[in-house]
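In: fold the following and give me the result.
(one chain, ligands or ions: 2)
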Amino acid sequence: MRYLSTRGEAAPRGFEDVLLAGLAEDGGLFLPAAWPTLSPAEWRALRGLPYAELAARLIHPFVGEAMSLATLRGMTEAAYSGFGHPAVAPLVQLDHRSFALELFHGPTLAFKDMAMQLLGRLFDHVLAKRGERVTIVGATSGDTGSAAIEACRDRAAIDIVILHPEGRTSEVQRRQMTTVLAPNVANLAIQGSFDDCQDLVKAMFNDAPFRREMQLSAVNSINWARIAAQIPYYAAAALALGAPDRPVAFSVPTGNFGNVLAAWAVRQMGLPVERLIIGSNRNDILHRFLAANDMSMRPVEPSLSPSMDIQVSSNFERLLFELLGRDGVATRTTMERFRAEGRMSVPDAAWRKATGLFHGFTLDDAGTLAEIRRLWEGAGYLADPHTAIGTAAARALAPADHAIPVVVAATAHPAKFPDAVEQATGRRPPLPPRLADLFEREERFSVLPNDLAQVEGFVRAHARRNA
Ligand SMILES: Cc1ncc(COP(=O)(O)O)c(C=O)c1O
Ligand SMILES: N[C@@H](CCOP(=O)(O)O)C(=O)O
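Out: Residues are numbered from 1 along each chain as shown. Ligands and ions are numbered 1, 2, ... in the order given. Below is the predicted model of the structure:
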């Protein structure tokens, strides 16, 4: 399997290079040169497999010659063995046609564990094989950070620095990151938004000498391996509900566009996905794009679903590349204009192609609380604020054909957002026993302004301490 950059200038690469590089040298994101596809018979043969086996079989085409299926299977089995549910990602029926796909049974209680638990092992394997060491820099609005730290803590060949927006995550989310005191882990609170954190990470990657000096790697969904590892749970849900012989729809609470992109990838691989519903909070740039071909940036506003407080959805560039007929020059020009002018629209044909499949929905905080309450009182289901945006979106935009089930990505455990859940339902969800003392644990993090030179200085000092 070879990978291309969405900006068309980086040389095609294999999986190992893509895993370690994260972002392409030309500033673009990697995508497979061709999508692996399965026939209906091949999809049917995957029904009912244990999750780890399904994951290994679906991820292996993306890994290609980099490792055998048996080696990958060993990693998926180890990655998912510690999950708190035997199905790993169970489907819970919410009403006659909609299902919550619970992706929060991993160690840090959010969907990020589904990919990150595998990524940590992939990094270890490739770094040991090459005798290399990396410095991972990542940006988080709350969940990627703790999942990445959990997956990479105490790993010999990895240093990791996670940037989060100061005061803009939930307290549980912050503590899940800052109470990990492993020497290879550092947390930085940036005085700014998640978008500022993400821009700092991309700027470090685009600073070629710094990138080389630090051997930078990424764990955000700019890294293709993250998306590849998020594909199997959509396939598992679709197969359980009758695919490939019955179409399904997915509703995904969306911020950086990574999770919904994985659902789209399942469609590229041949499963009948009738539509992809994108739920946004008041930071609704994707909704506005789908409604009126207007992707225009506004300042990021804090909401009750902080992990989705994002304006620049990194992975949209991957979809854009496909919408523009895989034209790297056009993708680069469009993205550069977006960053310079703060807005973009795409050619009409591309926009129509996008709106034929993607449907946008937006919900404010009051609506989110009402939806959490409705789910609790109506279905006895306790949802976190992100998942609630997904269920509300599913109800509003489900396909007219009632035979098509709608799968909502349940992206976080309600205990990660106890204040919002309690406000909506009067019930404060407890943390699982292994996190019960989270609020007594010592925290360690530094605070820095949104300043590239200072952040690079911090990353360098952290890496040198551990070298
Ligand atoms: C709980 C939760 N829901 C939804 C999202 C949005 O997912 P994505 O950024 O992949 O669109 C995130 C952040 O990634 C999240 O942490
Ligand atoms: N919501 C995310 C933001 C980063 O997304 P990623 O999927 O690109 O890592 C978070 O929780 O940090």
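In: ok, now which ones touch whatever residue of the stretch 301-450 of the chain ends up closest to ligand 2?
Out: Per C-beta to the nearest ligand atom, residue 307 is where the stretch 301-450 of the chain lies closest to ligand 2, at 3.8 Å. For glycine as for every other residue, the C-beta is placed from the backbone atoms N, C-alpha and C. By C-beta atoms under 8 Å, 6 or more residues apart in numbering, the contact list for residue 307 reads 110, 141-143, 169, 173, 255, 386, 411-412.
In: so it versus residue 411, what's the distance?
Out: Relative to residue 411, residue 307 is positioned 8 Å away (C-beta to C-beta, to the nearest Å).
In: please apply the same query to residue 36.
Out: 26 Å.
In: who has more neighbours out of the two?
Out: The neighbour comparison of residue 36 against residue 411 (other C-beta atoms under 10 Å) goes to residue 411, with 32 against 15.
In: residue 387 is in contact with the more buried one, correct?
Out: Yes: Residue 411 is in contact with residue 387 according to C-beta atoms under 8 Å; the separation is 5.8 Å.
In: who touches both of these two?
Out: Common neighbours of residue 411 and residue 387 (C-beta under 8 Å, 6+ apart) are residue 253.
In: so what's residue 238 up against?
Out: Contact partners of residue 238, counting by C-beta under 8 Å, 6+ apart, are 244, 248, 266, 271-273, 407.
In: which stretch of helix or strand covers it?
Out: Counting by DSSP states H and E, the element that carries residue 238 is helix 224-240.
In: what do you get for residue 396?
Out: Assigned by DSSP H and E, residue 396 falls in helix 385-397.
In: what's the overlap in contacts for residue 307 and residue 411?
Out: Common neighbours of residue 307 and residue 411 (C-beta under 8 Å, 6+ apart) are 110, 143, 386.
In: find the residue closest to the second one in space, skipping its chain neighbours.
Out: In this case it means residue 143. Among residues not flanking residue 143 along the chain, residue 110 sits closest, at 3.9 Å (C-beta to C-beta, 6 or more residues apart in numbering).
In: if we can go back for a sec, ok, which of the shared contacts of residue 307 and residue 411 also contact ligand 2?
Out: Contacts with ligand 2 within the shared contacts of residue 307 and residue 411, as defined by C-beta under 6 Å from any ligand atom: residue 143.
In: is there a quick ChimeraX command that grabs whichever of the shared contacts of residue 307 and residue 411 are buried?
Out: Remark: buried members of these, expressed as a ChimeraX selection using 16 or more other C-beta atoms under 10 Å:
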select :110,143,386
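In: now tabulate the shared contacts of residue 307 and residue 411 in JSON lines and tack on pLDDT.
Out: Output for these, formatted as JSON lines (pLDDT from 0 to 100):
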{"residue": "110", "pLDDT": "98"}
{"residue": "143", "pLDDT": "97"}
{"residue": "386", "pLDDT": "98"}
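In: in a markdown table: the shared contacts of residue 307 and residue 411, plus distance to residue 450.
Out: Shown next, in a markdown table, are the shared contacts of residue 307 and residue 411 (distance: C-beta to C-beta, whole Å):
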| residue | distance to residue 450 |
| --- | --- |
| 110 | 25 |
| 143 | 21 |
| 386 | 25 |
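In: let's have the shared contacts of residue 307 and residue 411 in CSV, adding distance to ligand 1.
Out: Converted to CSV, these look like this (distance: C-beta to the nearest ligand atom, whole Å):
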residue, distance to ligand 1
110, 5
143, 3
386, 4
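In: element containing the nearest residue to residue 252 once chain neighbours are set aside?
Out: Nearest non-adjacent residue to residue 252, counting by C-beta to C-beta, 6+ apart: residue 260, 4.1 Å away. For residue 260, the host element (DSSP H and E) is helix 258-268.
In: tell me the angle the helix or strand that comes right after that helix makes with helix 385-397.
Out: Moving toward the C-terminus from helix 258-268, the next helix or strand (DSSP H and E) is strand 273-280. Computed by axes from the mean of the first three to the mean of the last three C-alpha atoms, to 10 degrees, the angle separating strand 273-280 from helix 385-397 equals 130 degrees.
In: for the next helix or strand after strand 273-280, name the packing helices and strands.
Out: Per DSSP H and E, the first helix or strand lying C-terminal to strand 273-280 is helix 285-292. Counting contacts by 3 or more C-beta pairs under 8 Å, 6 or more residues apart in numbering; DSSP states H and E, helix 285-292 packs against strand 273-280, strand 295-296, helix 348-357, strand 358-362.
In: pull the residues that contact the shortest one.
Out: For strand 295-296, contacts defined as C-beta under 8 Å, 6+ apart pick out 285-286, 288-289, 316, 338, 342-345.
In: quick one: distance of it to the chain centre.
Out: Here the centre of strand 295-296 is set off from its chain's centre by 21 Å, with C-alpha atoms, centre = their mean, to the nearest Å.
In: pLDDT on it, on average?
Out: Across strand 295-296, the average pLDDT comes to 96.
In: what do you get for the first one?
Out: In this model, strand 273-280 carries a mean pLDDT of 98.
In: same thing with the third one?
Out: The average pLDDT for helix 348-357 rounds to 97.
In: shouldn't residue 279 be in contact with residue 254?
Out: Yes: counting by C-beta under 8 Å, residue 279 touches residue 254, with 6.2 Å between them.
In: hmm, residue 304 and residue 417 touching each other?
Out: Yes: in this structure residue 417 lies within contact range of residue 304 using C-beta under 8 Å: 7.3 Å.
In: hey, what's in contact with both of those two?
Out: residue 385.
In: count the residues that sit near residue 41.
Out: For residue 41, the tally of surrounding residues (other C-beta under 10 Å) stands at 8.
In: after the host helix or strand of it, next one along is what?
Out: Using DSSP H and E, residue 41 sits in helix 40-44. Counting by DSSP H and E, the next helix or strand C-terminal to helix 40-44 is helix 51-63.
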